[in-house]
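K.L.:
Sequence and predicted structure, then a few things I'm wondering about:
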Amino acid sequence: MTDYVDGYCERVAPGLWGEPLNSLSNLAFLVAAVLVWRLAAGDRAGRLLAGLIGLVFAASTAFHLLATRWAGVADSVSILVFVLVYVVLFARVFYLRFAWLAAPAFLVLTVVTALLGGGLYLSALITFGVVVALLAFSRDASWTHFAVAGAIFALSLSLRTLDRDVCDYVPAGSHFLWHLLNGVVLYLVSRTVILRRTAQ
């Protein structure tokens, strides 16, 4: 678990500051966590989301500073935990039937997409599409919020995927943009749920 991981264009050798942009861009998650915490005020679920975004910040920063396998696992797990908690909150707040099935359904989707080579991030993108479709069908105005967040996520996922391919042209790669844009995504989706909860 302490094996060295060189998975990004920016990193060319071991070392704490081997990925300066990838490391510093994680501050986007910290900013999002603080903003969500302040927005949540006394809402416990909102504060939980803020804490989980803070966990993503800590785990991702550790991974890009240390570049070890255990830190990479922590990074992925922190994102998965946020998504699982979020889909359950979303289902409850938007009064979807069988809300308790939200997390298991997402896990099954993630396993299926992983077997197809997509994994967690493809399942998240598909989930955005499902959420937008459900809310648009029920004429819930919030669908536009998720459509915007989903579009930003699709762009960030594309940039993450292209990281290695742009090394010859952009030595720093494009992974740091994945962090910056996802900080925005996590803030937007958390904000939508918090505002809906506080309005009920």
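P.N.:
Nice, thanks for sending it over.

K.L.:
low-scoring stretches of the chain, by residue?
P.N.:
Low-confidence regions of the chain, defined here as pLDDT under 70, cover residues 2, 96-98, 200.

K.L.:
okay, which residue of it is out on the far edge from center?
P.N.:
Relative to the C-alpha centroid of the chain, counting by CA atoms, centre = their mean, residue 168 is the outermost residue, at 27.3 Å.

K.L.:
Where does it sit: helix, strand or coil?
P.N.:
Under the three-state scheme (DSSP: H, G, I helix; E, B strand; the rest coil), the conformation of residue 168 reads as coil.

K.L.:
Any figure for the gap between it and residue 13?
P.N.:
Taking CB to CB, to the nearest Å as the measure, residue 168 and residue 13 are separated by 18 Å. Every C-beta, even on glycine, is put in place using the N, C-alpha and C of the backbone.

K.L.:
Likewise for residue 89?
P.N.:
From residue 89 over to residue 13 (counting by CB to CB), the distance is 41 Å.

K.L.:
Kindly report the same for residue 56.
P.N.:
When distances are taken as CB to CB, residue 56 and residue 13 turn out to be 26 Å apart.

K.L.:
Show me which of the two is the more surrounded one.
P.N.:
The residue with the greater number of neighbours, taking residue 56 and residue 13 and applying other CB atoms under 10 Å, is residue 56; the counts read 25 against 8.
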